[in-house]
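Trainee: Show me how the following folds:
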Amino acid sequence: MGRDFRLRTDEGTGLARALRGFGRAAQGVALLMLLCVALAVSACSEQSGARERQLTLRTESGDHVIAIEIAATEAEKSLGLMYRTSVPEMTGMLFPYDHPQEVTMWMRNTYVSLDMVFIRADGVVHRIEANTEPLSERIIASQGPVTAVLELAAGSAEKLKLKLGDRVLHSMFKSAGK
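Mentor: Here you go, the predicted structure:
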C-alpha cells in the first residue's frame, strides 16, 4: 500500500486553488514544472547578483561609484567586453586573478575603445592604458604584478581624474576600506 501524495486543497493557497480540479498526475506535473521554474529564477538571480557589483574609484576629484560585471571564470575573462557596441559611462568589467601576476590583454573582437586599469592586490592603481585601439591584437601588459584589471569606456580615467596610486575600493582588495 503506497502513500497518498494528493495536494491539500483545503488550505486555500493560490497554488492549491490553481491546481484544484487537476487529477493527481496533472498536479504532480504542474508542481514539478513550478519547482523547475522557481529553481531557474533563483539560480539566475543568484548568478546576476554574484556578477553585478559596484566598486569605488577614489581619486583627487572624489569617490566615483562604478557598476561592474565580474569576469570570474576563464571563459568570461576570454570573452570580456568583446562584441559589445557600447560601454555606458560609470560602468565596467572587472577581471580578478587569484594571485598577483603579470596580466596581458588585447582588443581582438572588441568594437569600442576602452581604458584598462591594472590594479594591485592592495587596491592601488598600478597602471592605466587609456583609449585602447578597437579590434587590435596588440598585447597590453600590466607591466608588473596585479590581481585585477578594470575595463572602462575610453576616456573614463581622464574624466574621473584617475591616476597611478589612486585607490580602488572593493571587497576583493586587501585594503578595500582604506
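Trainee: which residues sit against the lengthiest strand in the chain?
Mentor: For the chain, the strand with the greatest residue count under DSSP state E is strand 91-101. Under the criterion C-beta atoms under 8 Å, 6 or more residues apart in numbering, residues 53, 55, 66-72, 77, 80-81, 103, 105, 120-121, 145-153, 156, 170, 172 lie in contact with strand 91-101. (Each C-beta comes from the backbone N, C-alpha and C, glycine too.)
Trainee: what mean pLDDT would you report for stretch 79-90?
Mentor: Per-residue pLDDT values over stretch 79-90 give a mean of 96.
Trainee: buried stuff in that stretch?
Mentor: 80, 81, 87, 90 (16 or more other C-beta atoms under 10 Å).
Trainee: Sketch out the strands for the protein, chain order is fine.
Mentor: Counting by DSSP E, the strands of the chain are 52-59, 62-70, 91-101, 104-105, 114-119, 125-129, 140-141, 146-153, 167-169.
Trainee: Let's have the ones you listed in JSON lines, adding distance to residue 161 and mean neighbour count.
Mentor: As requested, the strands of the chain are exported to JSON lines (distance: least, C-beta to C-beta, whole Å; neighbours: other C-beta atoms under 10 Å):
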{"stretch": "strand 52-59", "distance to residue 161": "5", "mean neighbour count": "17"}
{"stretch": "strand 62-70", "distance to residue 161": "9", "mean neighbour count": "15"}
{"stretch": "strand 91-101", "distance to residue 161": "16", "mean neighbour count": "17"}
{"stretch": "strand 104-105", "distance to residue 161": "23", "mean neighbour count": "16"}
{"stretch": "strand 114-119", "distance to residue 161": "12", "mean neighbour count": "26"}
{"stretch": "strand 125-129", "distance to residue 161": "11", "mean neighbour count": "20"}
{"stretch": "strand 140-141", "distance to residue 161": "22", "mean neighbour count": "16"}
{"stretch": "strand 146-153", "distance to residue 161": "13", "mean neighbour count": "24"}
{"stretch": "strand 167-169", "distance to residue 161": "13", "mean neighbour count": "20"}
